[in-house]
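>>> can't give you the sequence, but here's the structure:
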């Protein structure tokens, strides 16, 4: 069955530190990959997406993600986090016309 | 990016009443809209997928007679929770996708439903 795994339920980093959020997927072919961010009580905002081409994708708010086919991973990174980055982050995957499948989410806490 | 709105943002209703939630794509035509439910500290659970002018496709375990979905135009979909009960209290989020299957899903801000 198709699935998306975000191994880390909760991550805490200090402001200014680097960040990497992990995402692994299980699909038969190359899927379309997304990272969304959700602030408390809000909807989801698209950070970045990968459909094809360059495996390193740049997104908004200084985030980037790298698609690694050999590892079935699409990890999200940011070189220096800001207090405003505290939120819930969701990795999601779809294949063509199929529905989005979400990971369980990673809650990011920023220490001052 | 594209903008999707939801109305209302919060609603409180009495048990047994019906509540309608609107989802609008403001600057693009949404061939397909999706309705999700999110429980506290959990991921999004897809309830149904609706294509403009067609009946919605419901996920397994979602009662289609309780959660009525209408997608009458390319910019508007509605979710009606009929005969609401306290267990229907949740955060409901819609998303909209354009005409191509490779188009991104853009999400609305969500609606917090509380049933007393």
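On my side now, so go ahead. This is a predicted model, so every value here is computed, not measured.
>>> interface residues of chain B facing chain A?
Chain B comes close to chain A at residues B:1, B:4, B:6, B:34, B:41-44, B:46, B:49, B:91, B:93, B:95, B:101-102, B:104-110, B:112, as judged by C-beta under 8 Å from any C-beta of the partner chain. Glycine gets a C-beta too; all of them are placed from N, C-alpha and C.
>>> burial count for residue B:103?
15 (other C-beta atoms under 10 Å in any protein chain shown).
>>> hmm, I was thinking of residue B:115
20.
>>> pretty sure residue A:19 sits against residue A:81.
Yes. Applying C-beta atoms under 8 Å, one finds residue A:19 in contact with residue A:81, separated by 5.0 Å.
>>> show me which of the two is the more surrounded one.
Set residue A:19 next to residue A:81 and count neighbours by other C-beta under 10 Å: residue A:81 wins out with 21 against 18.
>>> the more buried one and residue A:16 touch, don't they?
Yes. At 7.0 Å, residue A:81 and residue A:16 qualify as touching, with contact defined as C-beta under 8 Å.
>>> centroid-nearest residue for chain B?
residue B:35 (3.5 Å; C-alpha atoms, centre = their mean).
>>> secondary structure class for that residue?
Of the three states, residue B:35 takes strand under DSSP: H, G, I helix; E, B strand; the rest coil.
>>> quick one: it and residue A:25, what's the gap?
23 Å (C-beta to C-beta, to the nearest Å).
>>> what's the answer for residue B:23, then?
27 Å.
>>> looking at these two, which one has more neighbours?
Taking other C-beta under 10 Å, residue B:23 and residue A:25 do not tie; residue B:23 has more neighbours (28 against 20).
>>> check contacts around the more buried one.
Going by C-beta atoms under 8 Å, 6 or more residues apart in numbering or on different chains, residue B:23 touches B:4-6, B:33, B:35, B:76-79, B:94, B:96, B:108.
>>> which of those residues sits closest to chain A?
residue B:108 (5.1 Å; C-beta to the nearest C-beta).
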